[in-house]
Each structure stands twice: as structure tokens, then as C-alpha cells.
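Peer 1: Just need the structure, nothing else, for what follows:
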Amino acid sequence: MVDSTLPILGRLLGAVLIVGGAALWGGCDTVPAPERTQRGPSVADLQVTPDSVHGSEVDDEQIVNSLAQVAVDVSARVADPDGTVEEIVFTFEPSSNPQETSSSVLPAQDGTSRYRLQLNLLIPLADEVYTVRVFAVDDDSLSGNQVTGQFRFVPTDTSGTGGGENAPRMQLHRRPDDS
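Peer 2: Presented below is the predicted three-dimensional model:
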């Protein structure tokens, strides 16, 4: 009885090896391409110029309905190591009311990796710090890092200058970290 069991086991083992070998051989006819690691664009060297404006620097004709017209230049260097930069977005966000954020796109300067836009902003005549955020999106729809900068408007304090009832009164709003 022992003698009849060995040939059956040998046949079963041979069948398993033949079927398994065929499966392995058939599974190796194509090699998948290595996965491409996609990387988002990189934003660096954010410049906000000027980084602050004092109310005394604003001419009277630049003040309209308690808003100062201020020119601010925003620029940054952007690169995409594995593709093309499609869009550079920036936001200009007041710290006292983030819902009043304005945003736009930075256009490229000719032939460089620097993107720049001069903004003509209407800013309330109040002490306010604005956060400037810049990020980029590439041709793979990936966004990269985000860089931040600040702009501050400091009004002229007219509370002690007299001028009657119609003189503008400016209230200073200080953030807890301002001393």
C-alpha cells in the first residue's frame, strides 16, 4: 500500500509544478513601467514692496471715502521640476476680517522664473496687518508649497489734532502680539 501512494504523490507534485510554472511564466511577459513621482511646483523668494505704509505717506488725493489708495508690488520665484507652471495665485488677507480676502493671479515676467504684479489697493484707514499668500499650480494640477508675507498699513493718528467735528478719527486696532 505504501508503494501505490508514492506514485500518486509524485504525479500530484508534478502537476502542481507544471501549472505553477506556467502561471509564473505567463505573468512575466510584461513589465510595468516604473511609477513617475509627480512633484508640485515650488514657490520661493516672496517680496512684498513696500511691506508697510504710514498714513502720512499717502497724499490727500489718494484718500477716497476713508480708504487709502496704495500701490503694493508682489513678486515671487516659481519653478516646477517636472512640468510647467500653469498659474500662480496670491491672496491679500486682512487679519481683522479674513472673509474680506482678495485674490488674483501673478503674471510671469518675460523669460524669468519670477512672477510679479503691482496691486492698486483700496485699504481702510485703520491699523491693519495683511497676510500675502502665494502658491502655484502646475500642468498636472498639483499645487506646491505656499509662502507668506505681510503688509501693514499704519494710519496717521488725528485724534489730538483738532479740526472740528468733521476731522477723521482713526481707531487703532492692535493684535495681541503687537506691543
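
Peer 1: my read is residue 112 is in a helix, agree?
Peer 2: No. Residue 112: not assigned to a helix; according to DSSP: H, G, I helix; E, B strand; the rest coil it is coil.

Peer 1: Now do it against residue 90, distance only.
Peer 2: Distance, residue 112 to residue 90, by Cβ to Cβ, to the nearest Å: 17 Å. (Glycine included, C-beta is placed from N, CA and C.)

Peer 1: Could you check which of these two is surrounded by more residues?
Peer 2: residue 90 (24 against 10; other Cβ atoms under 10 Å).

Peer 1: State the mean pLDDT of stretch 97-110.
Peer 2: Looking at stretch 97-110 alone, the average pLDDT works out to 81.

Peer 1: what's the first-to-last distance across it?
Peer 2: This stretch, stretch 97-110, spans 35 Å end to end (Cα to Cα, to the nearest Å).

Peer 1: next one: stretch 122-136
Peer 2: With Cα to Cα, one end of stretch 122-136 sits 25 Å from the other.

Peer 1: Can you list the buried residues in that stretch?
Peer 2: Residues 123-136 are the ones in stretch 122-136 that count as buried (16 or more other Cβ atoms under 10 Å).

Peer 1: what's the answer for stretch 53-61, then?
Peer 2: Neighbour-count burial for stretch 53-61 flags 53, 55, 58 (criterion: 16+ other Cβ under 10 Å).

Peer 1: Now the last one: closest residue in space, sequence neighbours ignored.
Peer 2: Just to be clear, that refers to residue 58. Nearest residue to residue 58, sequence neighbours excluded (Cβ to Cβ, 6 or more residues apart in numbering): residue 68, at 4.7 Å.

Peer 1: Sheet-wise, list the partners of the host helix or strand of that neighbour with their directions.
Peer 2: With elements taken from DSSP states H and E, the one containing residue 68 is strand 67-79. Here strand 67-79 has these sheet partners by DSSP bridges: strand 42-49 (antiparallel), strand 63-64 (antiparallel), strand 114-124 (antiparallel).

Peer 1: ok, residues contacting the second one?
Peer 2: Contacts to strand 63-64, defined as Cβ atoms under 8 Å, 6 or more residues apart in numbering, come from residues 69, 122, 125.

Peer 1: Which single one of those is nearest to residue 47?
Peer 2: The shortest approach to residue 47 among these belongs to residue 69, at 21.0 Å (Cβ to Cβ).

Peer 1: Kindly state the beta-bridge partners for that closest one.
Peer 2: Beta-bridge pairing for residue 69 (DSSP bridges): residue 122.

Peer 1: residues contacting it?
Peer 2: Neighbouring residues of residue 69 by Cβ under 8 Å, 6+ apart: 58, 62-63, 120-122.

Peer 1: ok, it to residue 134 distance?
Peer 2: Here the criterion is Cβ to Cβ. By it, residue 69 lies 23 Å from residue 134.

Peer 1: Right, I'll leave it there.
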